[in-house]
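Asks: Test case, fold it:
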Amino acid sequence: MVSSKLTLASLASILPSALAGFDGSSQSNVAVYWGQNSYGQAGSQQRLAEYCSNSEINIIPIAFMNGIKTPITNFANAGDNCTTYEGTQLLKCPQLEEDIKTCQSQGKTILISIGGATYTEGGFSDSASAESAAQSVWDLFGSDTSKPNRPFLSAVVDGFDFDLESVTQNFAPFASKLRSLMDADSSKKYYLSGAPQCPYPDAAMNDMLNGVISFDFIMIQFYNNYCGVSSFVQGSMTQNNFNFQTWDDWAKNTSKNKNVKILLGVPANTGAGAGYEPAGALAPVIQYSKQFSSFGGVMMWDMSQLFKNSGFLDSVYASLTGSGVAKAQAIAHTTLVTKTKVAPTPVA
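Replies: Residues are numbered from 1 along each chain as shown. Have a look, this model is predicted:
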C-alpha cells in the first residue's frame, strides 16, 4: 500500500500550496498534536521535522508540559533523544531544538501545549503565584534564550496551548500574564490557544474562556463526549447534540477576542478517542461547520494516529479546501469507507 507520506508528496506538486502556519482569515487550518505517541508503537512517532514538509499541516502543538509549579516535560519516545537537566524533571532536547527551527523555517506554527491528562497540579493557590509561574514558563520557552534549563534550548516556540482535562483554579491570571509577555515581545507573532472539551461551559477552562483572556484560536475536542462529531445528524440544520453553534455563539458574544477561530477537534484514528469518524463521514460535518464565521479548520489527535490511518489527512484537507485531485481522492475514500471499516496500517 502507498504510504500517506508518499501520497502527500505527490499531491504537493499538483495542489495549490497551502499557507504554512496558522491563518486567522482561513477556514482551512489543520492542527495536529505531536509528542505523546498515542498509537503506542516504537516506530509510530517519528521526529518532529519528519512531518513539517507536509503542506496540509499548519499548526503543531507539542505535547506536553505536564507540570508547571514543578516544571515537567514529557514527549513519549521522543524523550529518548533528550537528557534531563540536573536536579529537574525538564528534558534537554537538542534534536527538538533543531526540528522546531526546521519547522518554523517552513512556516509552521509550533506551540508548546500545557497540561494533558497527567497534569494533576490543579492550578495555583492565588494570582501572584500564577503570574510567577507564567514568567517561569515564558523563560523556558520564550525569546530570551539565555535563561537556564530550556527544553528546546535556543529554539523559541510560536505560542502556548492549554489542554486541561480536570478542574483547575487561577489559570486566568496565569494565561493573562503569558498573553502580556507574548504581546510585549515584538520579535515575532505569538499565539495563544486552548483545547476544551465540547460541553459548554468547559469545567476545566471556563475561567479562561469567560471573556478575560484573548485567545487566537480554540481547538474544541469534539470527541469523548455526547456533543462530538459522532452525534452529528446529516441533513439537519438544527443539531440537538453536536454543538458547534454553541461555540460559535461563545466566539461572537463571550470571547474577549471576537475574531477568535474555532477548530473542529477530531480523533485521527480509531484508537485516538471515543467517537472517531472516518474522513468521509466528517465531510458533511465540516461543510455544516463552515457556515459559522468562527470556523477555522480542523484539529487532530494525534500525529502518530494520523500517519497510521492512510488517506485520512488528504480527505479531511479536501473537505476543507475542495481542491482538485484531493477532492477526487476524498470522493473515492468516502466510497471505500461506506463498504468497509478502515483499520490502522499495521506497524512493520
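Asks: got the CA coordinates for the helix or strand containing Arg179 in CSV?
Replies: For Arg179, the element it lies in under DSSP states H and E is helix 171-184. C-alpha atoms of helix 171-184 as CSV (Å, rounded to 0.1, in the frame of the first residue of the first chain):
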residue,chain,number,x,y,z
PHE,A,171,-5.4,29.7,35.4
ALA,A,172,-6.8,33.0,34.1
PRO,A,173,-4.1,35.1,35.8
PHE,A,174,-1.5,32.6,34.5
ALA,A,175,-2.8,32.9,30.9
SER,A,176,-3.2,36.7,31.2
LYS,A,177,0.5,37.0,32.2
LEU,A,178,1.6,34.8,29.4
ARG,A,179,-0.5,36.8,27.0
SER,A,180,1.0,40.1,28.1
LEU,A,181,4.6,38.6,27.9
MET,A,182,3.9,37.5,24.3
ASP,A,183,2.3,40.8,23.3
ALA,A,184,5.2,42.8,24.7
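Asks: can you list contacts of that helix?
Replies: Contacts of helix 171-184 with the rest of the structure, by Cβ atoms under 8 Å, 6 or more residues apart in numbering, involve 68, 123-124, 127, 130-131, 133-135, 137-138, 142, 159-160, 162, 164, 190, 192, 205, 207-208, 212-214. Glycine gets a C-beta too; all of them are placed from N, C-alpha and C.
Asks: Can you tell me which of those are buried?
Replies: Buried subset of those (neighbour count, 16 or more other Cβ atoms under 10 Å): 68, 123-124, 130-131, 133-134, 137-138, 142, 159-160, 162, 164, 190, 192, 205, 207-208, 213-214.
Asks: now the strands for the stretch 101-250 of the chain?
Replies: 109-115, 159-163, 191-194, 217-221 (DSSP state E, counting those that start in this stretch).
Asks: need those strands in TSV with mean pLDDT and distance to Leu306, can you?
Replies: Listed next are the strands of the stretch 101-250 of the chain as TSV, based on pLDDT from 0 to 100; distance: least, Cβ to Cβ, whole Å:
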stretch	mean pLDDT	distance to Leu306
strand 109-115	98	16
strand 159-163	98	17
strand 191-194	98	18
strand 217-221	98	15
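Asks: Now tabulate those strands in TSV and tack on distance to Cys103.
Replies: Below are the strands of the stretch 101-250 of the chain laid out as TSV (distance: least, Cβ to Cβ, whole Å):
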stretch	distance to Cys103
strand 109-115	5
strand 159-163	14
strand 191-194	14
strand 217-221	18
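Asks: From Gln27, how far out is Phe295?
Replies: Distance check for Phe295 against Gln27: by Cβ to Cβ, to the nearest Å, it reads 5 Å.
Asks: Could you check which of these two has the larger neighbour count?
Replies: Between Phe295 and Gln27, Phe295 has the larger neighbour count (other Cβ atoms under 10 Å), namely 24 against 19.
Asks: got the phi/psi numbers for the more buried one?
Replies: Main-chain dihedrals, Phe295, degrees, to the nearest 10: phi -60, psi 130.
Asks: and the gap between it and Val260?
Replies: 11 Å.
Asks: Over to Ala272?
Replies: According to Cβ to Cβ, Ala272 stands 25 Å off from Val260.
Asks: cool, and Asp314?
Replies: 28 Å.
Asks: Which one's more surrounded, the two?
Replies: Shown here are Asp314 and Val260; by other Cβ under 10 Å, Val260 has more neighbours (24 against 20).
Asks: what residues are up against the more buried one?
Replies: 214-218, 251, 294.
Asks: let's see 10 Å
Replies: Listed by Cβ atoms under 10 Å, 6 or more residues apart in numbering, the contact partners of Val260 are 24, 192-194, 209, 214-218, 247, 250-252, 254, 294, 296.
Asks: For stretch 81-94, which outside residues touch it?
Replies: Counting contacts by Cβ under 10 Å, 6+ apart, the residues outside stretch 81-94 that touch it are 47-48, 62, 65-67, 70-75, 78-79, 95-96, 99-100, 140, 148-155.
Asks: For PyMOL, what selects the buried ones among the residues you listed?
Replies: Restricted to buried positions by 16+ other Cβ under 10 Å, the PyMOL selection for the contacts of stretch 81-94 reads:
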select buried, resi 47+48+62+65+66+67+71+72+73+74+75+78+79+96+99+100+140+149+150+151+152+155
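Asks: Narrow the contacts of stretch 81-94 to those in helices?
Replies: Using DSSP state H, the subset of these located in helices is 95-96, 99-100, 140.
Asks: which one of the residues you listed is nearest Ser55?
Replies: Nearest to Ser55 out of these is Asp99 (Cβ to Cβ; 17.5 Å).
Asks: Per-residue pLDDT of the closest one, please?
Replies: Per-residue pLDDT puts Asp99 at 98.
Asks: Flag the shaky bits of this structure, pLDDT-wise.
Replies: Residue ranges of the chain with pLDDT under 70: 1-19, 323-348.
Asks: just the helices in it please.
Replies: 4-12, 94-105, 127-141, 171-184, 206-209, 244-253, 279-289, 303-306, 312-321, 324-339.
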